[in-house]
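> what shape does this take:
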Amino acid sequence: QLQLVESGGGLVQPGGSLRLSCAASGFTLDYYGIGWFRQVPGKEREGVSCISSSGGSTKYADSVKGRFTISRDNAKNTVYLQMNSLKPEDTAVYYCASDPRLFRPCALVQSQYNYWGQGTQVTVSS
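Below you'll find the model as predicted:
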């Protein structure tokens, strides 16, 4: 069964940090780009960051540039999202998803992603 599983969410104070993980089971991430998206109830899901299959291309939403860093460890079949200087407006359910396009720069276009994880809650509050 092909699956993506997010972990690492939780409650953190403003200014704090969290590292989200996106682990794949049933397939190898080597040939997939990975995107992180987030959604707040009542709002549309938005793109946060992505990384290409090679790791050579990354992209960030303007709202997280300079604070979030995406990386991948293909040996562990896992992609990470390091989130620093968290703000209350970062509160959301975070999802990772796989992009099967090879040798392409990553893009935060949801229709390009085929498998999605179940999400992990991130709450930034004092």
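
> does Q13 touch V124 like I think?
Yes. Contact criterion CB atoms under 8 Å: Q13 and V124 qualify, at 7.3 Å. All C-beta atoms are positioned from the backbone trio N, CA, C, and that covers glycine.

> pLDDT (mean, whole number) over the helix or strand containing A23?
Counting by DSSP states H and E, the element that carries A23 is strand 18-25. For strand 18-25, the mean per-residue pLDDT is 96.

> just give the nearest non-adjacent residue to the spatially most central residue of the chain, would you?
The centroid of the chain falls nearest to W36 when counting by CA atoms, centre = their mean (2.4 Å). Excluding the flanking residues, the one nearest W36 by CB to CB, 6 or more residues apart in numbering is V48, at 4.4 Å.

> give the pairing partners of the helix or strand encompassing the one you found; include direction for each.
Element membership of V48, judged by DSSP H and E, is strand 46-51. With DSSP bridges as the test, strand 46-51 is paired with strand 33-39 (antiparallel), strand 58-60 (antiparallel).

> got a list of contacts for it?
33-39, 57-61, 64, 68, 70-72, 79, 81, 94, 99, 106-110 (CB atoms under 8 Å, 6 or more residues apart in numbering).

> can you do 6 Å?
Residues outside strand 46-51 that contact it (CB atoms under 6 Å, 6 or more residues apart in numbering) are 34-38, 58-61, 64, 68, 70, 72, 106, 108.

> Q13 and V124: which is more packed in?
It is V124, of Q13 and V124, that has more neighbours when counted by other CB atoms under 10 Å, with 20 against 10.

> neighbours of the residue nearest to W36, how many?
25.

> over to P88?
By other CB under 10 Å, 11 other residues sit near P88.

> quick one: contacts of stretch 24-33?
Defining contact as CB under 6 Å, 6+ apart, one finds that stretch 24-33 is touched by 1-4, 52-53, 74, 77, 98-100, 106.

> sorry, slip of the keys, the one I care about is stretch 108-124.
Here stretch 108-124 has contacts from 2, 4-6, 9, 11-12, 14, 35, 47, 50, 86, 88, 90-91, 93-100, using CB under 6 Å, 6+ apart.

> and those, which are buried?
4, 6, 9, 12, 35, 47, 50, 86, 90-91, 93-99 (16 or more other CB atoms under 10 Å).
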